[in-house]
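# sequence and predicted model, in that order:
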Amino acid sequence: MREGLSIKMLRKLVTIATSALLATLAFQVVSNATGMPTTKDAGRTLAPYFTPATPVSKKPDADGFLQRWLLLEPISKPNRTNTVFTDSYVRNAFNTEYFPNQFTAIPHDGNKVKVGDQELAWHALDSANFDVKLFRFAYGLNKPTYGVIFWAVTVVNSPREIQNARLAVGSNAASIWWFNGKETVDLFTDRRMVMDDVVSKRLTINKGRNVIRGAVINGPGLSDFCARFIDENGDPIKSLTLDLAGK
(Lines give C-alpha, C1' and ligand atoms only; values in the text may rest on other atoms or scores of the structure.)
Protein backbone atom coordinates (compact mmCIF):
# COMPACT_ATOMS: atom_id res chain seq x y z
CA MET A 1 0.00 0.00 0.00
CA ARG A 2 2.74 2.42 0.95
CA GLU A 3 4.72 1.42 -2.14
CA GLY A 4 1.71 2.13 -4.38
CA LEU A 5 1.22 5.51 -2.76
CA SER A 6 4.87 6.40 -3.26
CA ILE A 7 4.74 5.53 -6.95
CA LYS A 8 1.56 7.57 -7.36
CA MET A 9 3.11 10.55 -5.65
CA LEU A 10 6.27 10.22 -7.72
CA ARG A 11 4.26 10.26 -10.94
CA LYS A 12 2.41 13.36 -9.72
CA LEU A 13 5.64 15.16 -8.94
CA VAL A 14 7.07 14.27 -12.37
CA THR A 15 3.91 15.60 -14.02
CA ILE A 16 4.11 18.89 -12.09
CA ALA A 17 7.79 19.33 -12.91
CA THR A 18 7.19 18.62 -16.61
CA SER A 19 4.33 21.13 -16.74
CA ALA A 20 6.47 23.80 -15.11
CA LEU A 21 9.29 23.20 -17.58
CA LEU A 22 6.93 23.41 -20.56
CA ALA A 23 5.43 26.64 -19.20
CA THR A 24 8.89 28.18 -18.82
CA LEU A 25 9.87 27.20 -22.37
CA ALA A 26 6.61 28.59 -23.72
CA PHE A 27 7.21 31.91 -21.91
CA GLN A 28 10.69 32.18 -23.40
CA VAL A 29 9.41 31.50 -26.92
CA VAL A 30 6.67 34.11 -26.60
CA SER A 31 9.08 36.63 -25.08
CA ASN A 32 11.59 36.19 -27.89
CA ALA A 33 8.86 36.53 -30.50
CA THR A 34 7.49 39.74 -29.00
CA GLY A 35 10.81 41.32 -28.13
CA MET A 36 10.13 41.23 -24.38
CA PRO A 37 13.11 40.44 -22.15
CA THR A 38 13.47 36.74 -21.42
CA THR A 39 14.53 35.34 -18.08
CA LYS A 40 18.06 35.08 -19.44
CA ASP A 41 18.03 38.66 -20.76
CA ALA A 42 16.46 40.22 -17.68
CA GLY A 43 19.79 40.34 -15.85
CA ARG A 44 21.62 42.43 -18.45
CA THR A 45 23.17 45.65 -17.20
CA LEU A 46 25.57 48.32 -18.42
CA ALA A 47 28.07 47.32 -15.73
CA PRO A 48 31.02 47.01 -15.66
CA TYR A 49 31.47 48.99 -18.87
CA PHE A 50 29.47 52.10 -17.93
CA THR A 51 28.31 54.08 -14.93
CA PRO A 52 25.76 56.92 -14.91
CA ALA A 53 27.33 60.34 -15.42
CA THR A 54 27.27 62.52 -12.30
CA PRO A 55 26.77 66.30 -11.95
CA VAL A 56 30.48 66.62 -11.10
CA SER A 57 32.68 67.60 -14.05
CA LYS A 58 34.87 64.79 -15.37
CA LYS A 59 38.43 65.13 -16.64
CA PRO A 60 39.88 63.07 -19.49
CA ASP A 61 41.76 59.95 -18.40
CA ALA A 62 45.54 59.82 -17.99
CA ASP A 63 45.99 59.59 -21.78
CA GLY A 64 43.50 62.33 -22.56
CA PHE A 65 40.62 60.10 -23.72
CA LEU A 66 37.10 61.47 -23.35
CA GLN A 67 35.00 59.04 -21.31
CA ARG A 68 31.75 60.96 -20.65
CA TRP A 69 29.13 60.81 -23.40
CA LEU A 70 25.45 61.06 -24.15
CA LEU A 71 24.64 57.93 -26.15
CA LEU A 72 21.42 57.36 -28.08
CA GLU A 73 19.96 53.89 -28.10
CA PRO A 74 20.86 52.25 -31.44
CA ILE A 75 18.99 53.08 -34.63
CA SER A 76 18.31 50.04 -36.81
CA LYS A 77 20.28 50.09 -40.08
CA PRO A 78 20.53 46.46 -41.27
CA ASN A 79 23.74 45.53 -43.08
CA ARG A 80 24.82 41.94 -43.70
CA THR A 81 28.42 43.03 -44.19
CA ASN A 82 30.66 45.95 -43.28
CA THR A 83 32.26 46.08 -46.73
CA VAL A 84 29.53 48.47 -47.91
CA PHE A 85 30.82 51.33 -45.74
CA THR A 86 32.25 53.47 -48.53
CA ASP A 87 32.41 57.23 -48.05
CA SER A 88 29.26 57.80 -50.13
CA TYR A 89 27.30 55.09 -48.29
CA VAL A 90 28.28 56.36 -44.85
CA ARG A 91 27.60 60.00 -45.70
CA ASN A 92 24.18 59.10 -47.06
CA ALA A 93 23.41 57.06 -43.94
CA PHE A 94 24.38 59.90 -41.60
CA ASN A 95 22.81 62.70 -43.64
CA THR A 96 19.42 60.99 -43.36
CA GLU A 97 17.31 62.77 -40.77
CA TYR A 98 16.38 60.16 -38.17
CA PHE A 99 15.15 62.61 -35.54
CA PRO A 100 14.66 66.41 -35.36
CA ASN A 101 17.73 68.61 -34.79
CA GLN A 102 20.10 65.63 -34.82
CA PHE A 103 23.03 67.88 -35.76
CA THR A 104 22.27 70.73 -33.35
CA ALA A 105 20.44 69.54 -30.23
CA ILE A 106 22.32 68.93 -26.99
CA PRO A 107 20.23 66.21 -25.34
CA HIS A 108 19.78 65.55 -21.64
CA ASP A 109 19.88 62.20 -19.91
CA GLY A 110 16.55 60.46 -20.43
CA ASN A 111 15.45 62.63 -23.37
CA LYS A 112 13.62 60.59 -26.02
CA VAL A 113 13.40 60.92 -29.78
CA LYS A 114 11.09 59.29 -32.28
CA VAL A 115 12.84 57.31 -35.02
CA GLY A 116 10.29 55.69 -37.32
CA ASP A 117 7.94 53.75 -35.06
CA GLN A 118 10.53 53.50 -32.27
CA GLU A 119 11.08 55.77 -29.29
CA LEU A 120 14.76 55.88 -28.36
CA ALA A 121 16.32 57.36 -25.22
CA TRP A 122 19.56 59.23 -24.57
CA HIS A 123 21.80 57.98 -21.76
CA ALA A 124 24.43 60.12 -20.01
CA LEU A 125 27.23 57.69 -19.18
CA ASP A 126 30.85 57.45 -18.13
CA SER A 127 32.87 54.78 -19.87
CA ALA A 128 34.97 52.58 -17.60
CA ASN A 129 37.51 52.16 -20.41
CA PHE A 130 39.36 54.57 -22.67
CA ASP A 131 37.14 53.30 -25.49
CA VAL A 132 33.35 53.54 -25.41
CA LYS A 133 32.02 50.01 -25.95
CA LEU A 134 28.89 50.59 -28.01
CA PHE A 135 28.17 46.88 -28.40
CA ARG A 136 28.07 46.53 -24.60
CA PHE A 137 25.88 49.65 -24.35
CA ALA A 138 23.30 48.14 -26.71
CA TYR A 139 23.57 44.65 -25.24
CA GLY A 140 23.16 45.91 -21.69
CA LEU A 141 19.92 47.67 -22.64
CA ASN A 142 18.55 44.65 -24.56
CA LYS A 143 18.75 46.66 -27.78
CA PRO A 144 19.92 45.54 -31.25
CA THR A 145 23.70 45.09 -31.35
CA TYR A 146 24.24 44.45 -35.09
CA GLY A 147 23.19 46.49 -38.12
CA VAL A 148 22.86 49.73 -36.18
CA ILE A 149 23.81 53.41 -36.02
CA PHE A 150 24.89 55.00 -32.75
CA TRP A 151 24.81 58.76 -32.07
CA ALA A 152 27.10 60.24 -29.43
CA VAL A 153 27.39 63.77 -28.02
CA THR A 154 29.62 65.33 -25.39
CA VAL A 155 30.33 68.83 -24.12
CA VAL A 156 33.98 69.78 -23.66
CA ASN A 157 34.89 72.74 -21.47
CA SER A 158 38.29 74.38 -21.77
CA PRO A 159 39.81 76.91 -19.32
CA ARG A 160 41.49 78.72 -22.21
CA GLU A 161 41.61 78.89 -25.98
CA ILE A 162 43.83 76.15 -27.40
CA GLN A 163 45.08 76.60 -30.95
CA ASN A 164 46.59 73.96 -33.25
CA ALA A 165 44.81 71.14 -31.45
CA ARG A 166 43.64 68.00 -33.25
CA LEU A 167 40.78 65.61 -32.62
CA ALA A 168 42.04 62.01 -32.80
CA VAL A 169 39.44 59.24 -33.23
CA GLY A 170 39.27 55.49 -33.66
CA SER A 171 36.08 53.52 -34.33
CA ASN A 172 34.65 50.14 -35.22
CA ALA A 173 33.36 50.37 -37.85
CA ALA A 174 32.81 53.57 -39.88
CA SER A 175 32.08 56.95 -38.30
CA ILE A 176 31.94 60.73 -38.81
CA TRP A 177 32.66 63.33 -36.13
CA TRP A 178 31.70 67.00 -35.89
CA PHE A 179 33.37 69.61 -33.69
CA ASN A 180 31.38 72.77 -32.91
CA GLY A 181 29.07 72.02 -35.83
CA LYS A 182 31.76 71.35 -38.47
CA GLU A 183 32.66 67.95 -39.87
CA THR A 184 36.13 67.27 -38.52
CA VAL A 185 37.02 63.55 -38.72
CA ASP A 186 35.71 60.75 -40.92
CA LEU A 187 36.53 57.05 -40.87
CA PHE A 188 35.22 54.93 -43.73
CA THR A 189 35.36 51.24 -44.75
CA ASP A 190 35.28 48.22 -42.46
CA ARG A 191 37.85 48.83 -39.74
CA ARG A 192 38.78 47.89 -36.22
CA MET A 193 39.01 50.47 -33.47
CA VAL A 194 42.57 51.77 -33.14
CA MET A 195 43.49 54.76 -30.98
CA ASP A 196 44.27 57.89 -33.03
CA ASP A 197 43.36 56.00 -36.21
CA VAL A 198 42.37 59.25 -37.95
CA VAL A 199 43.46 62.71 -36.79
CA SER A 200 41.76 65.96 -37.79
CA LYS A 201 43.35 69.02 -39.31
CA ARG A 202 44.49 71.67 -36.86
CA LEU A 203 41.59 73.28 -35.03
CA THR A 204 40.94 75.70 -32.18
CA ILE A 205 39.31 74.59 -28.95
CA ASN A 206 37.34 77.59 -27.72
CA LYS A 207 37.63 78.87 -24.19
CA GLY A 208 34.51 77.60 -22.44
CA ARG A 209 32.02 75.27 -24.09
CA ASN A 210 32.69 73.07 -27.14
CA VAL A 211 30.53 70.30 -28.59
CA ILE A 212 31.60 67.01 -30.15
CA ARG A 213 29.02 64.99 -32.06
CA GLY A 214 29.65 61.60 -33.61
CA ALA A 215 27.84 58.84 -35.48
CA VAL A 216 29.09 55.26 -35.72
CA ILE A 217 27.67 52.62 -38.08
CA ASN A 218 28.29 48.90 -37.84
CA GLY A 219 26.92 45.70 -39.33
CA PRO A 220 28.00 42.38 -37.81
CA GLY A 221 30.63 42.34 -35.08
CA LEU A 222 31.60 44.51 -32.14
CA SER A 223 31.40 48.29 -32.19
CA ASP A 224 33.20 50.92 -30.13
CA PHE A 225 35.08 54.21 -30.42
CA CYS A 226 37.67 56.34 -28.67
CA ALA A 227 38.34 60.07 -28.95
CA ARG A 228 40.80 62.57 -27.51
CA PHE A 229 42.44 65.89 -28.30
CA ILE A 230 46.16 66.14 -28.92
CA ASP A 231 48.25 69.28 -29.06
CA GLU A 232 50.62 70.48 -31.78
CA ASN A 233 53.32 68.18 -30.42
CA GLY A 234 51.06 65.14 -30.47
CA ASP A 235 50.66 65.04 -26.69
CA PRO A 236 47.22 64.50 -25.11
CA ILE A 237 45.37 67.58 -23.90
CA LYS A 238 44.25 66.89 -20.34
CA SER A 239 43.23 70.37 -19.13
CA LEU A 240 39.67 69.89 -20.41
CA THR A 241 36.56 68.86 -18.49
CA LEU A 242 33.37 67.12 -19.56
CA ASP A 243 30.06 68.27 -18.09
CA LEU A 244 26.68 67.12 -19.40
CA ALA A 245 24.50 68.21 -16.50
CA GLY A 246 22.40 71.32 -16.95
CA LYS A 247 23.65 72.01 -20.47
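Structure received.

# pLDDT weak spots in this structure?
Residue ranges of the chain with pLDDT under 70: 1-42, 245-247.

# identify the residues contacting the residue nearest the centre of it.
Closest residue to the average C-alpha location of the chain: residue 134 at 3.4 Å, with CA atoms, centre = their mean. For residue 134, the contacting residues are 71, 74, 150, 216, 218, 223, 224, 225, by CB atoms under 8 Å, 6 or more residues apart in numbering. In this view, the C-beta of every residue, glycine as well, is placed from N, C-alpha and C.

# same thing but 10 Å
49, 69, 71, 74, 127, 145, 148, 150, 152, 171-172, 193, 216, 218, 222-225 (CB atoms under 10 Å, 6 or more residues apart in numbering).

# the residues you listed in helices, which ones?
Counting by DSSP state H, none of the members of those fall within helices.

# residue 198 and residue 215, how far apart?
Distance of residue 198 to residue 215, computed by CB to CB, to the nearest Å: 14 Å.

# with neighbour numbers in mind, choose between the two.
Comparing residue 198 with residue 215 by other CB atoms under 10 Å, the one with more neighbours is residue 215, at 23 against 18.

# what about the more buried one, distance to residue 185?
With CB to CB as the criterion, residue 215 and residue 185 are 11 Å apart.

# quick one: common contacting residues for those two?
171, 175, 176, 177, 178.

# TSV for the residues you listed, including secondary structure and neighbour count?
Formatted as TSV, those follow (DSSP: H, G, I helix; E, B strand; the rest coil; neighbours: other CB atoms under 10 Å):
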residue	secondary structure	neighbour count
171	strand	31
175	strand	30
176	strand	23
177	strand	22
178	strand	19
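
# out of those residues, which comes closest to residue 89?
residue 176 (11.8 Å; CB to CB).

# ranges for the strands of this protein?
50-52, 68-72, 75-76, 112-115, 118-127, 148-158, 162-172, 174-179, 182-187, 198-199, 203-205, 208-218, 224-230, 241-242 (DSSP state E).

# now these as TSV including distance to residue 103?
Below are these laid out as TSV (distance: least, CB to CB, whole Å):
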stretch	distance to residue 103
strand 50-52	25
strand 68-72	13
strand 75-76	15
strand 112-115	13
strand 118-127	15
strand 148-158	10
strand 162-172	17
strand 174-179	7
strand 182-187	10
strand 198-199	20
strand 203-205	18
strand 208-218	7
strand 224-230	17
strand 241-242	20
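
# between the two ends of stretch 229-243, what distance do you get?
The straight-line separation of the ends of stretch 229-243 (CA to CA, to the nearest Å) is 16 Å.

# off-centre distance for it?
Relative to its parent chain, stretch 229-243 has a centroid offset of 23 Å by CA atoms, centre = their mean, to the nearest Å.
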